[in-house]
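> Sequence unavailable; structure follows:
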């Protein structure tokens, strides 16, 4: 059985917010070597940009065109 744990350790006030410089943050440190920062003051989340990059492509063909449109839709949780 694999006992790998992908949960992060949350540490309050480790890094200031890059948006508003507040110290009211939580930094999640993952064993895999990356970090995520969330700010309680302004709502900043370092993972929001990565989540916004997730797009859906329906594969619709444009009428009279050989190129398919690429709709960009953000996923909402």
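Nice, thanks for sending it over. For clarity, every value in this text was computed on a predicted model and none was experimentally measured.

> For residue 8, see how far away residue 29 is.
Distance of residue 29 to residue 8, computed by C-beta to C-beta, to the nearest Å: 6 Å. The way it works is simple: take the backbone N, C-alpha and C, and place the C-beta from them, glycine included.

> Could you list the low-confidence segments of the chain?
Filtered on pLDDT under 70, the chain yields the residue ranges 1-6, 52-77.

> Who does residue 38 form a beta bridge with?
Counting by DSSP bridges, residue 38 forms beta bridges with residue 26, residue 45.

> Please verify my assumption that it contacts residue 22.
No - assessed by C-beta atoms under 8 Å, residue 38 is found out of contact with residue 22, at 11.0 Å.

> Between these two, which is the more surrounded one?
residue 38 (17 against 14; other C-beta atoms under 10 Å).

> ok, now which ones touch that one?
Neighbouring residues of residue 38 by C-beta atoms under 8 Å, 6 or more residues apart in numbering: 25-26, 28, 44-46.

> Most neighbours among those, please name it.
Going by other C-beta under 10 Å, residue 25 tops those with 24 neighbours.

> Alright, that wraps it up for me.
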